[in-house]
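Student: coordinates only, sequence not included:
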Ligand code: FES
Ligand SMILES: [Fe+2]
């Protein structure tokens, strides 16, 4: 019954999503179709524009959707095509290259780098050929603040969803950010991606789980602001901590913000610190496995000595342990659904509301 999945808009009345959603294959499949197929996904930053090659193969959500894509760069412009040959479906580009055309190594079909069919041997007698179906499919790609997002079948406008970030951080020095690949890390977590996101979406656990982080921020005025498919947690500095740079006109100008933890539905976290941005890109691998890519973008307009991400690794390890423990608990026959703290879990509640609305509200036959 879909009522079993109902998330009341009133946090004081609401129950969390049922444990089955985190533990049963049927719901993982449902989320894959209803959450990830229509989603916008993180691609990376302006490092693509300085990459040595102009054709870069990319997989849309590896291990979850696995759509083969091809990123094509024309000077400062990036576009996204299908990486599947329209003849008999061979992957076209297996490793980065800078060839002037896109050519298939199976039977020699060729495409222009904008995806248009160009040539095919031994097809002179094939009727009604070529047609637009023989071109490579083009996918939407968005450039936002020097970062790129890509979608297969987008159901919503990512620009609108990201606009609260722009409003809060209008003066943030995005253009000075540079990727630091040596600091990028991948974590493998033995838990469902939803449990990872739930944990990210509340600071309620900070005093219990993150003693070091708790010494850097003030827990009393930790704040959550909820927007459409996007929300932010705001942690303020204890004395001695460096704040996120803000200017007059930014809504929190004058306050010492330790971090903005932005969650962008369904699986992206953009964490703003004084030294730059840490991105967590959450990739569901199976019901019990999640991969999280931590990507570091450092500001180049501040001294190197101002950079301090040492606590991020510790915080992540602490989070991982608790999320893996939650996954075991979700498997218990004793646990069905929980409740929310109205003062501390607004972000988790908003996430469950997004999921209810996107996945369960219009679904029939979803009885466990
Ligand atoms: S599959 Fe590409 S040319 Fe045949
Ligand atoms: Fe945490």
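Tutor: That came in fine, so what should we check first? Keep in mind that this is a model prediction, so the values were computed, not measured. Numbers count the residues shown, from 1 in each chain. Ligands and ions are numbered 1, 2, ... in the order given.
Student: confidence score at residue 51?
Tutor: Looking at residue 51, its pLDDT is 82.
Student: separation between it and residue 279?
Tutor: Distance, residue 51 to residue 279, by CB to CB, to the nearest Å: 18 Å. C-beta here means a position set from N, CA and C on the backbone, and glycine is covered the same way.
Student: please apply the same query to residue 270.
Tutor: Residue 270 is 6 Å from residue 279, by CB to CB.
Student: of those two, who's got more company?
Tutor: Ranked by neighbour count (other CB atoms under 10 Å), residue 270 and residue 279 place residue 270 first, with 23 against 20.
Student: any chance you could map the helices in the stretch 251-368 of the chain?
Tutor: 310-330, 346-355 (DSSP state H, counting those that start in this stretch).
Student: and the longest one, how far out from the chain's middle?
Tutor: Taking CA atoms, centre = their mean, to the nearest Å, one finds the center of helix 310-330 at 18 Å from the center of the full chain.
Student: repeat that for the last one.
Tutor: Averaging C-alpha positions (CA atoms, centre = their mean) puts helix 346-355 16 Å from its chain's average.
Student: can you check stretch 213-229 too?
Tutor: That offset, for stretch 213-229, works out to 20 Å (CA atoms, centre = their mean).
Student: point to the residue nearest the middle of the protein.
Tutor: residue 268 (2.6 Å; CA atoms, centre = their mean).
Student: which residues does that one contact?
Tutor: 41, 42, 279, 280, 281, 282 (CB atoms under 8 Å, 6 or more residues apart in numbering).
Student: out of the helices of the stretch 251-368 of the chain, flag the one nearest ligand 1.
Tutor: Closest approach to ligand 1 among the helices of the stretch 251-368 of the chain (CB to the nearest ligand atom): helix 346-355, 38.6 Å.
Student: now the residue nearest to the centre of the chain: how far from ligand 1?
Tutor: Residue 268 sits at a distance of 34 Å from ligand 1 (criterion: CB to the nearest ligand atom, to the nearest Å).
Student: now that residue, which residues is it bridged with?
Tutor: As for beta bridges, residue 268 partners with residue 264, residue 281 under DSSP bridges.
Student: mean pLDDT lowest where, among the helices of the stretch 251-368 of the chain?
Tutor: Mean pLDDT is lowest for helix 310-330 among those, at a mean of 92.
Student: quick one: contacts of that one?
Tutor: 19, 22-23, 185, 187, 189-192, 195-196, 198-200, 205, 209-210, 212-213, 216, 278, 288, 292, 294, 335.
Student: again, but for stretch 199-207
Tutor: So stretch 199-207 is contacted by 213-214, 217, 219, 222, 224, 231, 233, 235, 261, 263, 269, 280, 319, 322-323, 326, 341, 344-345, 347-348, 350-351 (CB under 8 Å, 6+ apart).
Student: and those, which of them are buried?
Tutor: 213-214, 217, 222, 224, 231, 233, 235, 261, 263, 269, 280, 319, 323, 326, 344-345, 347-348, 350-351 (16 or more other CB atoms under 10 Å).
Student: give the contact list for residue 96.
Tutor: Listed by CB under 8 Å, 6+ apart, the contact set of residue 96 reads 51, 52, 53, 55, 56, 57.
Student: CSV for these, including secondary structure?
Tutor: Listed next are the contacts of residue 96 as CSV, based on DSSP: H, G, I helix; E, B strand; the rest coil:
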residue, secondary structure
51, coil
52, coil
53, coil
55, strand
56, strand
57, strand
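Student: can you tell me how far the residue nearest to the centre of the chain is from residue 176?
Tutor: Distance, residue 268 to residue 176, using CB to CB: 21 Å.
Student: quick one: residue 70 and residue 53 touch, right?
Tutor: No. Counting by CB atoms under 8 Å, residue 70 does not reach residue 53; the two are 11.2 Å apart.
Student: between the two, who's got more neighbours?
Tutor: Taking other CB under 10 Å, residue 70 and residue 53 do not tie; residue 70 has more neighbours (23 against 14).
Student: so what sits opposite that one in the bridge?
Tutor: residue 57, residue 81.
Student: how far away is it from ligand 1?
Tutor: Applying CB to the nearest ligand atom to residue 70 and ligand 1 gives a distance of 13 Å.
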